[in-house]
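Colleague: With the input below, show me the fold.
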Amino acid sequence: MKQRRRTHTGSNSMTRREVLRLGATVAAGAAVGPFISTPGHGQTFNWQRFKGKELFLLLYKHPFVDEMVKHIPEFESLTGIKAKYEVLPEVQGRQKFTVEMTAGAGGVDAWHASMHVEKRRAWKSGWFQPLNKFLEDKSLTAPDYDWNDFTAGARADVTQPDRTISGLPTFVDPFVLFYRKDIFQQRGLRPPKTMAELEEQAQKLHSPPGMYGFVARGLKNANATPWAYVIYNMGGKYLTPDGKSALNTPEWVKAMDWYAGMLKRFAPPGVVNFNWYEASSAFMQGQVAIYYDGVNFANQFEDPSKSKIVGKVGYAALPAGPAGPVAPTFTNAMAIASQSRNKEATYFFIQWATNKKNFGRELLAGVGVGRVSPWNDPEVKARPKMPADWYTAYLESLKIGRAGLPEIVDVTQYRDIIGVAIQKAIEGAKSADVIAQAHKEFQELLDKTEK
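Modeller: All right, here's what the predicted structure looks like:
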């Protein structure tokens, strides 16, 4: 298969006080779990146990993958295992994985799963190889791997209702606030602490056509992820305790009033058709004062070849609403396909890909990770790629993170349902009407897929 390589370079500096604060912040996210690290015995682990095996990995295009694949020759040297792979755009990759698993050919050993989309669907289809026994087996898990080092939220995102672990977390993507710190300083503004303050600031800074106060995704399906921030912080839920649609509540109507209202009043023209690409492009071109989206989009803001606002972007945790603060998170994981003929050798790969050393490399490349210890790595502290407030915003968001989409089989259909509702509200439909219709359609979806 065709292999793709990406490189990441760059550096910034953080003060000792800042890095100590970061370490304290991320340590607060650690929690006790069932698997214990004993680094002192690391020399006895046999990485060459499956020498001669050959694996095929299906990887979705992602900043984590771009960095990881550069180091695959190191894995091959360490283990004697040959790792072939293909990198595809996420939607295309997911389609290929579905075809492969449905055919039962056993051609895929591991894939970089999007847990916020595939968690329940692949689990219900029986496509995840449970990892609990692998993690507990000292002959398969290196003593210094340390499952406890993953944040509590990351571990929850890969754990199913039956307590099986479906993948090893890689990138946990919380949504954070991006703002023009140069303009904020000129106007004497600080990053907003509440949604009300965010709205006030957007109004103050809104001066079209030169500057728009706010932008977020408006396009159907894509808008469902930033929407999660608003619904959580307004106090809404996706599901009732008995698994029914919880969309028919005042909180959902209030959330729609706020989100559609912000985009109608303060976003650039045509925002109803904006995916992350259009929203981030408008921000990078200096046309927007405030934007929120996944933290992984920040790399491009600091890239002089793409951005007109290098060094002018501030990063902060999302401001709280009446029921907040909550930051929606979206987790990816390296998972073993249940049809793999080389499950144990594949486990060696996904274990290596998610170890502390590789996560330190990811941080040096400006890619956030779901482990605790790499944030305190001396090398990461010495030459971080991103500005200090990016790290702070990321870690503060992990502490208040919650899975951003409902954990159901057909997440994509839910995204379409709420996405259409959001678009209609932006175009002028009443929030109560679009929410009522979305509630009806969501319940019909649950009746079909969640039995």
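
Colleague: All the strands of the stretch 351-451 of the chain, in order from the start?
Modeller: With strands called from DSSP state E, counting those that start in this stretch, the stretch 351-451 of the chain shows them at 401-403.

Colleague: next one: the stretch 151-300 of the chain
Modeller: For the stretch 151-300 of the chain, strands defined by DSSP E, counting those that start in this stretch occupy the ranges 168-180, 290-294.

Colleague: Out of those, which is closest to G370?
Modeller: strand 168-180 (4.0 Å; CB to CB). For glycine as for every other residue, the C-beta is placed from the backbone atoms N, C-alpha and C.

Colleague: Chain neighbours aside, what residue packs nearest to F45?
Modeller: A142 (4.7 Å; CB to CB, 6 or more residues apart in numbering).

Colleague: swap in V434?
Modeller: Beyond its immediate neighbours in the sequence, the residue positioned closest to V434 (CB to CB, 6+ apart) is A421, lying 4.0 Å away.

Colleague: D433 is in contact with the one you found, correct?
Modeller: No - assessed by CB atoms under 8 Å, A421 is found out of contact with D433, at 9.0 Å.

Colleague: more neighbours, the two?
Modeller: Applying other CB atoms under 10 Å to A421 and D433 shows that A421 carries more neighbours, namely 29 against 14.

Colleague: mind checking how far that one is from N223?
Modeller: Using CB to CB, to the nearest Å, we find A421 at a distance of 9 Å from N223.

Colleague: again, but for R265
Modeller: Taken as CB to CB, the span from R265 to N223 is 16 Å.

Colleague: These two: which has the busier surroundings?
Modeller: The neighbour comparison of R265 against N223 (other CB under 10 Å) goes to N223, with 28 against 14.

Colleague: List the contacts of the more buried one.
Modeller: N223 is in contact with A216, R217, I418, G419, I422, Q423, counting by CB atoms under 8 Å, 6 or more residues apart in numbering.

Colleague: okay, those residues in CSV with distance to L88 next?
Modeller: Converted to CSV, those look like this (distance: CB to CB, whole Å):
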residue, distance to L88
A216, 27
R217, 23
I418, 26
G419, 23
I422, 28
Q423, 28
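
Colleague: tell me what the helix or strand encompassing M334 is packed against?
Modeller: Using DSSP states H and E, M334 sits within strand 327-336. Counting contacts by 3 or more CB pairs under 8 Å, 6 or more residues apart in numbering; DSSP states H and E, strand 327-336 packs against strand 110-114, helix 115-125, helix 152-157, strand 168-180, helix 224-233, helix 343-353, helix 388-399, strand 401-403.

Colleague: what kind of secondary structure is the residue nearest to F45 in?
Modeller: What DSSP: H, G, I helix; E, B strand; the rest coil gives for A142 is coil.

Colleague: just checking, it touches F348?
Modeller: No - counting by CB under 8 Å, A142 stays clear of F348, with 9.0 Å between them.

Colleague: what is in contact with these two at once?
Modeller: Here A142 and F348 have W47 as joint contacts, going by CB under 8 Å, 6+ apart.

Colleague: related to what we said a few turns ago, for the strands of the stretch 151-300 of the chain, which one ends up most surrounded?
Modeller: Highest mean neighbour count among these (mean count of other CB atoms under 10 Å): strand 168-180, with a mean of 26.

Colleague: So what are the structural domains in the protein, by residue number?
Modeller: 16-173+330-403, 174-328+406-449 (automatic domain parsing).

Colleague: could you measure the closest residue to N275 other than its chain neighbours against V172, distance?
Modeller: Nearest residue to N275, sequence neighbours excluded (CB to CB, 6+ apart): A222, at 4.3 Å. A222 sits 20 Å away from V172, going by CB to CB.
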